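Engineer: from the sequence below, what's the structure:
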Amino acid sequence: MKKDFYTYIKQLQDTITDKLETIDGVAKFQEDLWDRPEGGGGRTRVIKNGAVFEKGGVNISAVHGKLPDTMQKMFGVAEADFFACGLSLVIHPKNPFVPTVHANWRYFEMYDENGTIINQWFGGGQDLTPYYLFEEDVQHFHATCKSACDKHNPEFYPNFKQRCDEYFWNTHRNEARGIGGLFFDYCKPSDNMTMQQWYNFVTEVGNSFLEAYTPIVEKRKHIDYTKEHRNWQEIRRGRYVEFNLVHDKGTLFGLKTNGRIESILMSLPPHVQWVYNHHPEEGSDEAKLLEVLANPQEWV
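Structural biologist: Below you'll find the model as predicted:
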């Protein structure tokens, strides 16, 4: 399973970066190959200062070794070996009317002293973080997510949409990071789903990413914007940073397993503001976004 999934994410990385370069038309992804001293490594691709994308990364990794003490406590196990691979991406467009997007698809195995798999699961999802709310864009994103889910189980979309709303929640701000999407984790073999079936589902979602996101980019990337629009975008980016550094499990896992810092923190936007006690004007487009972030909605 791990060989098949790693082959898949390598191919998916190529597909996504090729498409995003075409959309940008100017910038190209810079590639870095890196090794992890404890075992494994990855292929980081970063785009910056483009015509459309101000900064973004589409990274894959496959790491292995001894499970750190902190992770042993988390999983309630004694000393064990692990393998983890995945693709993680974050794209921060330049235009405030184009949303930031995040996606991640990952696979994990844990072994006993004989090398036998004692635990394995898939996880992942994709979610959208707009700075200005276009309801038709949000509906398109969620409809694409639902379509991918429905091919495997009609209960997946409502369940994983709700988990996404719950997970990407800045508890210290009492608001969502964005308008959600899908989030699933610890997808293990059961009476209802084999690992092969989970593989088929996760790759279905991965294959849907470009369909979910790129039409929105194409529709909004040429809208004129002002300095005030950019200021709002940078203020909201600050909330994105707060979530990633305070709450995100993937970031914390990377830091606790001696992951590559440049790859882990590539998710952070290049220009951010933290404005003291900032509140948008009542009735404004900015205030409309905050109302939705405080009260997650059903979009399809």
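Engineer: next, the residue in the chain sticking out farthest from the centre: phi, psi?
Structural biologist: Seen from the C-alpha centroid of the chain, the residue lying at the greatest distance (C-alpha atoms, centre = their mean) is Asn114, 34.0 Å away. Torsion angles at Asn114 (phi, psi; degrees, to the nearest 10) stand at phi -90, psi 0.
Engineer: got it, and Phe253?
Structural biologist: Taking degrees, to the nearest 10 as the convention, Phe253 sits at phi -60, psi -40.
Engineer: how far away is it from Phe108?
Structural biologist: 10 Å (C-beta to C-beta, to the nearest Å). Any C-beta I mention is one placed from the backbone N, CA and C, and that applies to glycine too.
Engineer: shared neighbours of those two, anything?
Structural biologist: Taking C-beta atoms under 8 Å, 6 or more residues apart in numbering as the criterion, Phe253 and Phe108 both touch Ala84.
Engineer: CA atoms of stretch 21-34 as CSV?
Structural biologist: Taking C-alpha atoms only, stretch 21-34 is exported to CSV below (Å, rounded to 0.1, in the frame of the first residue of the first chain):
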residue,chain,number,x,y,z
GLU,A,21,2.4,27.0,-13.7
THR,A,22,0.2,27.2,-16.7
ILE,A,23,-2.4,29.3,-14.9
ASP,A,24,0.2,31.7,-13.5
GLY,A,25,2.0,32.1,-16.9
VAL,A,26,5.1,33.6,-15.4
ALA,A,27,6.5,31.9,-12.3
LYS,A,28,7.8,28.3,-12.1
PHE,A,29,8.1,26.0,-9.2
GLN,A,30,11.5,25.8,-7.6
GLU,A,31,12.3,22.2,-6.6
ASP,A,32,14.3,21.1,-3.6
LEU,A,33,15.1,17.4,-2.8
TRP,A,34,15.9,16.8,0.8
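Engineer: need the contact partners of that stretch.
Structural biologist: With C-beta under 8 Å, 6+ apart, stretch 21-34 has contacts from 17, 20, 41-53, 58, 214, 217-218, 221, 260, 262-263.
Engineer: of those residues, grab the buried ones for PyMOL.
Structural biologist: The following PyMOL line selects those of the contacts of stretch 21-34 that are buried, judged by 16 or more other C-beta atoms under 10 Å:
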select buried, resi 17+20+42+43+44+45+46+47+48+50+52+53+58+214+217+221+260+263
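Engineer: which ones among the contacts of stretch 21-34 lie within strands?
Structural biologist: 41-48, 53, 58 (DSSP state E).
Engineer: and which of the residues you listed is nearest Phe168?
Structural biologist: Val58 (19.5 Å; C-beta to C-beta).
Engineer: assign the closest residue to the closest one other than its chain neighbours to helix, strand or coil.
Structural biologist: Among residues not flanking Val58 along the chain, Leu89 sits closest, at 4.3 Å (C-beta to C-beta, 6 or more residues apart in numbering). Of the three states, Leu89 takes strand under DSSP: H, G, I helix; E, B strand; the rest coil.
Engineer: Leu89 contacts Lys55, doesn't it?
Structural biologist: No - using C-beta atoms under 8 Å as the test, Leu89 is too far from Lys55 to be in contact (11.8 Å).
Engineer: more neighbours: which of those two?
Structural biologist: Leu89 (25 against 22; other C-beta atoms under 10 Å).
Engineer: enumerate every residue touching the more buried one.
Structural biologist: 16, 56-59, 101-104.
Engineer: likewise Met266?
Structural biologist: Going by C-beta under 8 Å, 6+ apart, the list of residues near Met266 reads 44, 46, 55, 57, 59, 90.
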